[in-house]
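Build me a model from this:
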Amino acid sequence: MQELTEAEIRASFVNAPSDVVARMPLPGIHETVWADREYLGWLDPTFAQRGYIVYWREGKPFGIVLRSASSSMSRGISAMCSLCRTHQPGNQVSLFTVPKAGEAGRNGNTIGTYICSDLACSTIIRIVPPPHDLQPRPDAVVSDRTSGLLARLDNFTRELLPAG
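Numbering: from 1, shown residues only. You can find the predicted model right below:
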């Protein structure tokens with residue numbers, strides 16, 4: 001992922017009012033290892049159910065505000081993140097809803113999907129299986145997972161935008 005400045009991050013949000021974006025706490029962007037991320041995802045420490053994702057879409061930063069469900073699945077249930085496609089205990093995957101951009105969002109229209117509760121898909125896809133003759137090379141595994149994650153994120157965010 002290309003590095004982003006605070007101004008670029010704040011200007012990228014398509015589904016949030018300017019007052020929410022202005023008050024939004026940012027993660028440690030100066031400590032971020034940008035090359036090891038497909039997107040910048042973080043949770044709001046001041047509002048437990050709010051999260052943010054910013055990534056490069058069509059050559060420019062694209063940011064969304066997400067809200068996690070107030071309840072989580074049981075630890076004993078297996079769940080899968082729809083972005084990184086990783087199977088995890090149910091309590092590590094949450095339903096996130098995202099207000100649509102524009103008038104649809106102002107009217108309360110949202111979309112939702114199951115995502116890693118900590119929004120750390122970029123880290124999870126880099127956990128590779130141990131070397132084995134029947135496994136692809138670790139760099140090929142990460143490359144395939146990266147392209148899949150970005151394609152699924154693009155498909156999800158495409159639903160947020162007004163038609164046209």
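
how about the helices in the protein?
Counting by DSSP state H, the chain has these helices, from start to end: 6-11, 18-23, 102-106, 121-124, 138-158.

contact partners of the longest one?
If you take Cβ atoms under 8 Å, 6 or more residues apart in numbering as the criterion, helix 138-158 is touched by 38-39, 53, 55, 57, 62, 64, 82-85, 111, 113, 121-122, 125-126, 128-129, 131, 135-136. Where C-beta positions appear, they are placed from N, C-alpha and C, glycine not excepted.

Then stretch 68-87?
For stretch 68-87, contacts defined as Cβ under 8 Å, 6+ apart pick out 49-51, 88-97, 113-117, 121, 124-125, 145, 148-149, 152-153, 156.

tell me how far it is from the chain's mean position?
14 Å (Cα atoms, centre = their mean, to the nearest Å).

list the buried ones in that stretch?
Of the residues in stretch 68-87, 68, 72, 73, 79, 81, 82, 83, 84, 86 count as buried by neighbour count, 16 or more other Cβ atoms under 10 Å.

Which member of those residues is positioned nearest residue 103?
Of all those, residue 103 sits closest to residue 68, with 24.6 Å by Cβ to Cβ.
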